[in-house]
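In: Take a look and give me a structure for this.
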Amino acid sequence: MRETISEILNEAGVTVPQFGRCHITQVLANRTFHPSITAYFEACVPDSPIDLGSFTILDESGIRQENSDLIPGCHIFQHGFVAFARESCGDVIAADLGTGRVYWISHEKYEGESIEPGWKPDMSGFADPLPIDANNIIKTADMAFESIVAFFRMAVSDEENLEQDAPADSPGGL
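Out: Here you go, the predicted structure:
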């Protein structure tokens with residue numbers, strides 16, 4: 001995975017940093033990790049944040065802070081999602097530890113101990129708040145990616161093509 005991420009960054013003209021291990025996996029020792037998640041957190045976390053314009057790939061310190069102190073990372077972490085990147089407006093990009101899929105999670109939907117999903121489908125008012133759990137995190141995500149590598153490919157692509165690069169099954173779209 002390290003080579004693939006390095007190639008994606010090189011092709012986009014981004015200086016490839018030193019990669020290393022993020023010890024966050026030790027905090028979650030009781031969980032089962034998808035192999036791609038293990039590969040990323042064991043060898044592909046940058047030694048300093050990577051600025052990709054609209055996204056910042058977090059270093060170990062940023063990952064720890066995002067998942068313990070900041071919204072929505074602190075809410076989703078306990079449900080098996082680890083934020084590893086931040087969007088310029090405060091949303092996070094988080095990996096599902098069990099499946100390896102990656103989700104764009106809006107910080108604006110997390111209020112206290114619930115998820116505010118937004119408008120009802122018929123636009124007649126706001127939908128009822130949802131409890132924070134893995135299913136609702138996925139259901140209310142703005143976009144989904146098959147993997148961390150798929151997210152990296154989108155993150156370095158042309159911003160105008162953002163919606164085209166998202167998989168067809170993205171939960172919320174942009």
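In: how many neighbours does the closest residue to Ile137 other than its chain neighbours have?
Out: Of all residues beyond its chain neighbours, the one nearest Ile137 is Ile76 (5.4 Å), with distances taken as CB to CB, 6 or more residues apart in numbering. Bear in mind the C-beta positions are built from the backbone N, C-alpha and C, glycine included. When neighbours are counted by other CB atoms under 10 Å, Ile76 registers 26.
In: Please report phi then psi for Ile76.
Out: As for Ile76, its main-chain torsions (degrees, to the nearest 10) stand at phi -90, psi -20.
In: residue contacts, it?
Out: 83, 92, 94, 105, 132, 137 (CB atoms under 8 Å, 6 or more residues apart in numbering).
In: What is the nearest of the residues you listed to Gly62?
Out: The shortest approach to Gly62 among these belongs to Ala83, at 8.9 Å (CB to CB).
In: Tell me the bridge partners for the closest one.
Out: Under DSSP bridges, the beta-bridge partners of Ala83 are Ala94.
In: Count the residues that sit near it.
Out: With other CB under 10 Å as criterion, Ala83 counts 24.
In: what about it, distance to Pro49?
Out: Counting by CB to CB, to the nearest Å, the gap from Ala83 to Pro49 is 13 Å.
In: now do Trp104
Out: When distance is defined by CB to CB, Trp104 is 18 Å away from Pro49.
In: So those two - more neighbours on which side?
Out: Between Trp104 and Pro49, counted using other CB under 10 Å, the more crowded position is Trp104 (24 against 16).
In: Ramachandran coordinates for the more buried one?
Out: The phi and psi values for Trp104, taken as degrees, to the nearest 10, are phi -90, psi 110.
In: Which residue is the nearest non-sequential neighbour of it?
Out: Among residues not flanking Trp104 along the chain, Met143 sits closest, at 4.0 Å (CB to CB, 6+ apart).
In: Same check on Cys22?
Out: Nearest residue to Cys22 in three dimensions, chain neighbours excluded: Val45, at 4.0 Å (CB to CB, 6+ apart).
In: What of Ser36?
Out: Nearest non-adjacent residue to Ser36, counting by CB to CB, 6+ apart: Gly100, 4.2 Å away.
In: Let me know the secondary structure of the one you found.
Out: In three-state terms, and counting by DSSP: H, G, I helix; E, B strand; the rest coil, Gly100 is coil.
In: which residues touch it?
Out: Going by CB under 8 Å, 6+ apart, Gly100 touches 34-37, 146-148.
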